[in-house]
Every structure is written in C-alpha cells, then in structure tokens.
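Undergrad: Please find the sequence and the predicted model below.
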Amino acid sequence: MGRTPWALLLCLISLLGTGCASSKARPASAPAAPEPSPPLSPDPVAALLTQAEAHLKSGFDAADDGHLSRAREEFDSAIDLFLGFPGGAQADPRVAEVYRRALEAIHVREIEALAAGDGFTEQGTEPASIDAVSALFVEENAAGPETRARAEDAVREEALDLQIELNDAVLSCIELYQGRLRAWFEAALARGQLHLPYIREVFAAEGIPRDLAYVALVESAFKPNAYSRAKARGVWQFIAATGRRYGLSVDWWVDERSDTAKATQAAARHLRDLHKLFGDWNLALAAYNAGERKVQRAVARYGTRDFWALRKTRGLKRETRNYVPLIHAAIVVAKAPERYGFEVQPLSPLASERVAVEGAVDLRVIAECAGSPLEDIRLLNPELRRLATPPDRSYDLRVPLGQAPAVTACLSNLPAEKRVRFRTHTVRKGETLSSIARRSGARTRDIAEANNIPLNRRLRVGTELIIPVPARSKVTRTARRTEPETEGRVRIRYRIKPGDTLGGIAAQHGTTVRELQQWNRLRGTRIAAGATLTIYASAGDE
C-alpha cells in the first residue's frame, strides 16, 4: 500500500526543514583550533516549515480521530503561516512546494471526510467466521493418540457443564484449531474475554449451560459487526426475523443484533426454547444453525433424536454436520488453552457510561465533545448502522467513562449547523416511493427503511419523508444547478493574490460570492494565495 498524501507531505517538510540551514565546509587544511564562528542566523524557511508541520500533523491526527472541526482549525493555522510568510507563499521555492503539497493533502483529506458521509452511509461490517469455519472439511479419520489423551485430560479435569463428545469429528476439529485455524482461534479467544463474563452470567440466569458461550466463538469470533452470507449479524449471528422475534430492534438506524448485551439475552432465550423443543442440547445447537424445521424433518425422516447418529445421514447439510463438533471442540480447547500452547492476551475493555442524546447528532461531533477518537464511540455503539444517532427518538449512547457530563453540556449548547440535517420531502399527489427516489438520487429501499414504511405502501399526500441521499448525489445535483448560471459567460482561471477576498474577486468579475462558492465547491469564504479559482465571467469582463 502506498503512503498517504499527508504522510508524504510531512516527510517532505521534514527533509526541507532539516536541510534548510547550511554552513560552508571547513577546508582540509584548516587549523586544529579555529576561531569560533559567529552563530548562524536562524533560517526563516526552516522555522516556518517546523511550525507548519506541527499544525498539519495535529490536523491530520484530529481528522483521523473524527474531530473534523479541530482538524480544520489546525489546517487553517498552517495555511495562515504560509500566507503570512514575507512576500507570500510563493516567495521561496521551498515554501511554495510545501504550500502546494499542503493544499493538495488537505483537499484529499476533506474529500475523504465527505466520503464518510453525512450520517447516512452504513458503517462497515466484517465477514462472519461461520461462513468459512463451517465449510471446512472435518476428517473422519481417527485422531492421533496425543490429541485424544490431551482432550480426555481436559474434559476430566476442567469444570464443564455440557456433556462433551470426544469422537473422531470433535477431535478432528480440535486439530484444526491447533493447526490451520490456530491464529484465528487465538485472536477470537482473546476478543472473547471482553464478552465471556457477561455471557456466562446471562446463560446461568436462563438455565443455559455456560459453556455454550463458545457458540459465539464459532459463529462470529466474538465480533459485534460480523455479517454472514445468510444476512445474519452480530456476535450471535441472528437473521433479522429471528432477532425481531426475540425483541431485537432492526431498522435503518439501529441494528440491535450488534448490541452484544441485548443479543446475548436474545440468544439465551432462543437456545432455551430450542432445548425445550428437542430435549437435547446437540439437536438444539443444530437447530440454532439450520433452523428448527430442518432439524425436525431430519429427526422425523431418520427416526432418531441422537445428533451423532443423525450426522451420519443425509438429513443435515455439511455446515450443520460440522457445526456441533466445532462447538464441542471449541469448548475443550477454550477451557484449557494453555494445554494446547495458546497464549491468550485479553483485550482491555473500554469502560463506558450512557448519555441520552436527543434526535440526530453526528457521531463525529459527539467524539469531539467527549475528547475521544471517533473509533471509540463506534466501538462502544456497534449497533448504530449510520454515523449518527436516530432522529426520531432519544437514544442512550455509550461514551467513555467520565465523559457523560462533558458530552451532555456540549450537546446542550450545540449550534444547529452542527446537528445532522436531513433532506426532507413532502409527498405530492401521484408520487410514489420509486418516483421520489428517482428524482432525489436515493434508493427506494433506503427511503422506505429510513422512514420505517413498507416498500409497497401508498403514500399519503402531505406526508413528510426523510431522504437519505449519498454525498456524491449532492455534488451531482449542485453541478446541475449551476449549469444555467454559466450560459453566455466565459470560463477563466484566476490565481488568487495575497490580500484577495471572495467578495473583492466577485465584485471585480461581476459575479457573487455564492456563485464563486458553487463553481469551486467552497464551503466557506477562506481562500489561499497561489490557489486558482474557476470563474464564469461576462464576456466583456474577461
């Protein structure tokens, strides 16, 4: 992977800054004890680059943490240094080169921030381990005597609350965890330390074997945003319908399948119900993977309620036949990882507390209020599908421990322009979701989900809809809006001079500040000497 533009920029600044000051080389015949040279006067370019580097680095670090306002302040400070250099940013070739690179790097970073969306872009998911793990070939050959002996010792000596079968399929899975899946298993077990105490507590309260906590290891490797090919999500890999059946909210804004605490409570109730249905934990596990009806049909067809006997028939798919042995093996290894040479380094939990957030607020703004990286806010709230809290309710948001008072105070004084703003549309006669989607550049399904309405519902005239439009669609519409304003004009490129303002440039060329901002996609009025503007001037003004 190549280096980022700002990494290259900082590298260039460092090289130019350290290489700016120089002194004449001492001749080879110079006397051993020369007279002391007068101190070199400081190089103003080196001093400028050092200060600019500090502001730019702080700006990029703040942007990486999601603190966009702070990043903009640092970028502005760096640009002001360049513009305030005697003679302007173009007065020295070294300053001019770094200034040009700085403008490019800042522009790229702002484009990336725009691509992060306005709260509408769905946050990323990770592949669910169940897709890959359950597709592995589980050998039926007898395992080696060492594998069997170690497993028998673990089952005999560890406190287990689920009857473990040490047949060839289970031992084969243990060897997989020791071999080709070793790194994956060790990472999953380390991640699981964040969740296992709570899962065991919930399972014990529901009368579920606590060792079934390791079902989540096989399903998702304990990743809250794991997403499978079957559209199952979260640590417990619920499909949406099953999640809703057990009380998990799944809408356009929030997906509680990724809320590990709530999903764990749902998983415990689901496993309890499956055990009541089948009277056997192995069949309950098979049904957790394949669904109740498939297991019921297999039991009825082959006349056995013994999973291990059923596994040898064609009544279950390979994924389900592998699923139960994988869980038995995971319990054996996870309960005694040191026996298998695993060095589990538990991850440190991020302590948190809750704060009530009214309406839609960008998570990047909340991160700034909390003085925390955006990634910490997202880590604490994986159930939020968008980069914002929901607009139609009060939401209990997790923030780093000790930051709730600061966030509450910050949000109470939050100016309107810093809140997430949504495009809205009032339904007119004859309009449908599809026609509104075509005109707005949004997807029909996104409009339906954002407003919690069925795709086929007839819209009542006067209904106000939230329109979630991607940032790229907004840019396209802005470009189309400005096209008529360029007719009959001449396109010129204007190089900004020190002391120029948008107002002065607009007056000089018979246009307005707003038009200059639209033509050049400027969000504010700050401009930098040496940069160029696109202007559509009247033919007589060229």
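TA: Structure's in. What do you need? Being a predicted model, the structure only gives us computed values, none of them experimental.

Undergrad: how about the helices in the stretch 101-250 of the chain?
TA: 129-133, 145-157, 168-178, 182-192, 196-205, 215-220, 240-245 (DSSP state H, counting those that start in this stretch).

Undergrad: Any chance of these in TSV with mean neighbour count, mean pLDDT and distance to L465 as columns?
TA: (Glycine included, C-beta is placed from N, CA and C.) Converted to TSV, the helices of the stretch 101-250 of the chain look like this (neighbours: other C-beta atoms under 10 Å; pLDDT from 0 to 100; distance: least, C-beta to C-beta, whole Å):
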stretch	mean neighbour count	mean pLDDT	distance to L465
helix 129-133	20	87	36
helix 145-157	14	92	58
helix 168-178	22	94	50
helix 182-192	19	94	40
helix 196-205	17	97	39
helix 215-220	27	97	35
helix 240-245	16	96	22
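
Undergrad: Switch these over to JSON lines; also include distance to V407.
TA: Formatted as JSON lines, those follow (distance: least, C-beta to C-beta, whole Å):
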{"stretch": "helix 129-133", "distance to V407": "34"}
{"stretch": "helix 145-157", "distance to V407": "46"}
{"stretch": "helix 168-178", "distance to V407": "42"}
{"stretch": "helix 182-192", "distance to V407": "27"}
{"stretch": "helix 196-205", "distance to V407": "24"}
{"stretch": "helix 215-220", "distance to V407": "30"}
{"stretch": "helix 240-245", "distance to V407": "29"}
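
Undergrad: Nearest to R491, out of the ones you listed?
TA: Comparing the helices of the stretch 101-250 of the chain against R491 with C-beta to C-beta, the closest turns out to be helix 240-245 (51.1 Å).

Undergrad: could you say what helices and strands the closest one packs with?
TA: helix 260-278 (3 or more C-beta pairs under 8 Å, 6 or more residues apart in numbering; DSSP states H and E).

Undergrad: next SSE after the helix it packs on?
TA: Using DSSP states H and E, the helix or strand that follows helix 260-278 in sequence is helix 281-290.

Undergrad: quick one, that following helix and helix 260-278 angle?
TA: Between the axes of helix 281-290 and helix 260-278, defined by axes from the mean of the first three to the mean of the last three C-alpha atoms, to 10 degrees, the angle is 120 degrees.

Undergrad: Which strands and helices lie in contact with helix 281-290?
TA: Checking 3+ C-beta pairs under 8 Å, 6+ apart, helix 281-290 ends up next to helix 260-278, helix 292-302, helix 307-310, helix 318-335.

Undergrad: can you redo those as a markdown table with mean neighbour count and mean pLDDT?
TA: Listed next are these as a markdown table, based on neighbours: other C-beta atoms under 10 Å; pLDDT from 0 to 100:
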| stretch | mean neighbour count | mean pLDDT |
| --- | --- | --- |
| helix 260-278 | 20 | 98 |
| helix 292-302 | 16 | 97 |
| helix 307-310 | 18 | 96 |
| helix 318-335 | 24 | 96 |
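
Undergrad: is it possible to export those to TSV including distance to P197?
TA: Compiled in TSV, the helices and strands packed on helix 281-290 are given as follows (distance: least, C-beta to C-beta, whole Å):
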stretch	distance to P197
helix 260-278	11
helix 292-302	30
helix 307-310	29
helix 318-335	14
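
Undergrad: And A96, what's its pLDDT?
TA: On pLDDT, A96 comes in at 82.

Undergrad: per-domain residue ranges of this structure.
TA: Following automatic domain parsing, one finds the domains of the chain at 5-20+42-115, 126-340, 352-418, 423-469, 478-541.

Undergrad: A437: neighbour count?
TA: A437 is surrounded by 18 other residues when neighbours are defined as other C-beta atoms under 10 Å.

Undergrad: residues in contact with the residue lying closest to it once chain neighbours are set aside?
TA: With C-beta to C-beta, 6 or more residues apart in numbering as the criterion, A437 has its nearest non-adjacent residue at 4.3 Å, and that residue is T444. Residues in contact with T444, defined by C-beta atoms under 8 Å, 6 or more residues apart in numbering, are L433, S434, A437, L455.

Undergrad: list the buried ones in stretch 438-451?
TA: Buried residues in stretch 438-451, counted by 16 or more other C-beta atoms under 10 Å: S440, A442, D446, I447, A448, E449, A450, N451.

Undergrad: what are the C-alpha coordinates of that stretch, in PDB please?
TA: Below are the C-alpha coordinates for stretch 438-451, written out as PDB (Å, rounded to 0.1, in the frame of the first residue of the first chain):
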ATOM      1  CA  ARG A 438     -35.500   8.700  -9.000                       C
ATOM      2  CA  ARG A 439     -35.800  12.400  -8.600                       C
ATOM      3  CA  SER A 440     -33.800  12.600  -5.400                       C
ATOM      4  CA  GLY A 441     -30.900  10.200  -6.300                       C
ATOM      5  CA  ALA A 442     -31.700   8.000  -3.300                       C
ATOM      6  CA  ARG A 443     -32.600   4.300  -3.300                       C
ATOM      7  CA  THR A 444     -36.200   3.300  -2.900                       C
ATOM      8  CA  ARG A 445     -35.400   0.800  -0.200                       C
ATOM      9  CA  ASP A 446     -33.300   3.400   1.800                       C
ATOM     10  CA  ILE A 447     -36.200   5.900   1.800                       C
ATOM     11  CA  ALA A 448     -38.600   3.100   3.000                       C
ATOM     12  CA  GLU A 449     -36.300   1.900   5.800                       C
ATOM     13  CA  ALA A 450     -35.300   5.500   6.900                       C
ATOM     14  CA  ASN A 451     -39.000   6.300   7.300                       C
END
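
Undergrad: could we number from 518 for the rest of this?
TA: In the new count, where the first residue is 518, that last one comes out as stretch 955-968.

Undergrad: Over it, what's the mean pLDDT, rounded is fine.
TA: Model confidence over stretch 955-968, given as mean pLDDT, is 80.

Undergrad: same check, this time on stretch 559-572
TA: Mean pLDDT, stretch 559-572: 84.

Undergrad: And it, how far out from the chain middle?
TA: If you compare the mean C-alpha spot of stretch 559-572 with that of the full chain, they lie 35 Å apart, counting by C-alpha atoms, centre = their mean, to the nearest Å.

Undergrad: Look up phi and psi at H942.
TA: Taking degrees, to the nearest 10, you get phi -140, psi 130 for the backbone angles of H942.

Undergrad: closest to C690 out of the helices and strands packed on helix 798-807?
TA: helix 835-852 (3.4 Å).

Undergrad: Past the closest one, which element shows up next along the chain?
TA: In N-to-C order, the element after helix 835-852 by DSSP H and E is strand 869-875.

Undergrad: Contacts for that following strand next, please.
TA: Where contact means C-beta under 8 Å, 6+ apart, the residues beyond strand 869-875 that reach it are 883, 897, 906, 911-921, 924-925, 928.

Undergrad: Buried only: go through the residues you listed for me.
TA: For the contacts of strand 869-875, a neighbour count by 16+ other C-beta under 10 Å gives the buried set as I883, L897, T906, Y912, L914, R915, V916, P917, Q920, A921, V924, L928.

Undergrad: and which of the contacts of T961 is nearest to A1048?
TA: For A1048, the nearest member of the contacts of T961 is A954. The distance, counting by C-beta to C-beta, is 37.6 Å.

Undergrad: The closest one contacts R960, correct?
TA: Yes. Contact criterion C-beta atoms under 8 Å: A954 and R960 qualify, at 6.1 Å.

Undergrad: Strands of this protein, start to end?
TA: In the chain, the strands defined using DSSP state E lie at 643-644, 743-744, 869-875, 911-917, 940-943, 981-984, 1006-1012, 1049-1055.

Undergrad: which other helices and strands contact the second one?
TA: Okay, so that is strand 743-744. In terms of contacts (3+ C-beta pairs under 8 Å, 6+ apart), strand 743-744 is packed against strand 643-644.
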